[in-house]
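Visitor: Here's a sequence, model it:
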Amino acid sequence: MAVLSEEQTMLKDAARGWVAEYAPVSAFRKLRDAGETGTPAQYADMAQMGWTGIMIAEEQGGVGMGLTEMCLVLEEMGRQLVASPLWASALASATALRSLGTQDQQSTWLPKIADGSCVMTLALDEGAHHDIRDTAMTATPSAGGYTLTGTKTHVVEGMGADQLLVLARTSGTPGDADGLTLFLVPADQTDRKQLITLDKRDYARITLDAVEVLADAVIGEVGGAYAPMEQALDMARIGLAAEMLGLCNQAFDTTLDYLKQRKQFDTVLAQFQAIQHRMADLFCNMELVRSTVEHAARAVDAGADDAAEAAILAKSMANDFANLMTRQMVQLHGGIGMTDLHDAGLYLKRARALEALFGTTAWHNARFAQLHGY
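Guide: Got it, this is the predicted structure:
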């Protein structure tokens, strides 16, 4: 584990305490059972604590911290499966605006993200596999600006968002990196359909049927969104890896507590050497993932040349370990781990959803090879 500053330690402790008291996994279970995907009051609390402004400069209404600090919060939220738009709005969208937006656009929207009054999200993928180069949604010039036509699927926080950052193609064909442009579109101008997913979060299929936007809705350079968007997405992917790390940490702790209590053949399970070896392997793998996530966040904050490679490593390793740890959690809990009454299933389902979001391990491996000319 990396050495944290006093400020970072206070942030992490505050996040852990708030999540444990006000947003434990039992609270998520109640939301799921009620058919709800989030709690606005909880997000208002996060804004009041400054979490929504971590990635935003002080002069734009934020607290001027970095990705390392945001990952500390996301890790604690991952422990309890907290459902909120913090990652989608305060990290993914805020970073995209910082990377591509003009000064006026940043001054207009970043303070609203920072105070929680605006929930923004990215509308990127159009198929089952993540790759923004496959964008087929068209943006054709019109008298007042552009006309957007197409469908985005699996948009995180798609039903609850106020504003959408929509990636569309102003030139070229699907598969091209050139010709991609980012647009800011009010969510109420689109047709949104809620998706029923494994992890019971807010996802939507969003259709834009000849939606007209003004020229000032363009975020960044027309046709030049690919490179800065990938940089912004790498930061979002590291945030996902941090959430998975927290999820795995809690899955490990819950499983270890169970093994110390459950008896078989009049012996506590934790005393069996085979079980000890398995848990030791899981702990070593978890600490390895921790080091990659922490390194990736610090690499981004430092502007390191290898930040993209570090992001790929963090997301791919977190993907694999979250898959392994949640399967082991179910198995080591035996019969009760297979029931919906136990939290093991909730962790497994969330892990599978995060594993696919913004790139599977195979996709990241292929991207790493491409970066190195293979």
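
Visitor: which stretches of the stretch 51-200 of the chain form strands?
Guide: Under the criterion DSSP state E, counting those that start in this stretch, the stretch 51-200 of the chain carries strands at the ranges 120-123, 138-141, 145-156, 163-169, 180-186, 191-194.

Visitor: what separates the first one from the chain centre, distance-wise?
Guide: Meaning strand 120-123. Centre-to-centre, strand 120-123 and its host chain are 12 Å apart (Cα atoms, centre = their mean, to the nearest Å).

Visitor: And it, what does it pack against?
Guide: If you count contacts as 3 or more Cβ pairs under 8 Å, 6 or more residues apart in numbering; DSSP states H and E, strand 120-123 packs onto helix 94-100, strand 145-156, strand 163-169. (Glycine included, C-beta is placed from N, CA and C.)

Visitor: partner strands of the second one, parallel or antiparallel?
Guide: When pairs are called by DSSP bridges, strand 145-156 turns out to pair with strand 138-141 (antiparallel), strand 203-214 (antiparallel).

Visitor: As TSV, those strands with mean neighbour count and mean pLDDT would be great.
Guide: Compiled in TSV, those are given as follows (neighbours: other Cβ atoms under 10 Å; pLDDT from 0 to 100):
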stretch	mean neighbour count	mean pLDDT
strand 138-141	17	97
strand 203-214	18	97
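
Visitor: So which of these is nearest S107?
Guide: Of all these, strand 203-214 sits nearest to S107, with 17.6 Å by Cβ to Cβ.

Visitor: hmm, back to that, looking at the strands of the stretch 51-200 of the chain, which is buried most?
Guide: Of all the strands of the stretch 51-200 of the chain, strand 120-123 carries the top mean neighbour count, a mean of 27, counting by mean count of other Cβ atoms under 10 Å.

Visitor: quick one: strands adjacent to it?
Guide: Paired strands of strand 120-123, with direction, are strand 163-169 (parallel) (DSSP bridges).

Visitor: Extract the C-alpha trace of the strand it pairs with and format it as CSV.
Guide: Presented in CSV, the C-alpha positions along strand 163-169 are these (Å, rounded to 0.1, in the frame of the first residue of the first chain):
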residue,chain,number,x,y,z
GLN,A,163,-26.7,16.3,-19.5
LEU,A,164,-25.0,13.8,-21.9
LEU,A,165,-21.6,14.0,-23.5
VAL,A,166,-22.4,12.2,-26.7
LEU,A,167,-19.7,11.0,-29.1
ALA,A,168,-20.7,11.1,-32.7
ARG,A,169,-19.0,10.9,-36.1
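
Visitor: Now for the closest residue to T140 other than its chain neighbours: which residues touch it?
Guide: Nearest non-adjacent residue to T140, counting by Cβ to Cβ, 6 or more residues apart in numbering: T147, 5.1 Å away. Going by Cβ atoms under 8 Å, 6 or more residues apart in numbering, T147 touches 139-141, 210-213.

Visitor: Could you pull up the residues touching L259?
Guide: Counting by Cβ under 8 Å, 6+ apart, L259 makes contact with 268-270, 275, 279, 332.

Visitor: who's in contact with the helix or strand bottoming out on mean pLDDT in the chain?
Guide: Lowest on mean pLDDT, DSSP states H and E among the helices and strands of the chain sits strand 263-264, with a mean of 86. With contact meaning Cβ under 8 Å, 6+ apart, strand 263-264 is reached by L269.

Visitor: Pairing partners for it, with directions?
Guide: strand 267-268 (antiparallel).

Visitor: Restricting to C-alpha, output stretch 121-131 in CSV.
Guide: The C-alpha coordinates for stretch 121-131 follow below in CSV (Å, rounded to 0.1, in the frame of the first residue of the first chain):
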residue,chain,number,x,y,z
THR,A,121,-22.6,11.2,-18.1
LEU,A,122,-20.8,9.8,-21.2
ALA,A,123,-22.8,8.3,-24.0
LEU,A,124,-20.2,6.4,-26.0
ASP,A,125,-20.8,2.7,-26.8
GLU,A,126,-23.2,1.5,-29.4
GLY,A,127,-22.7,-2.3,-29.3
ALA,A,128,-21.8,-5.1,-27.1
HIS,A,129,-18.1,-4.4,-27.2
HIS,A,130,-16.3,-1.2,-26.0
ASP,A,131,-14.3,0.7,-28.6
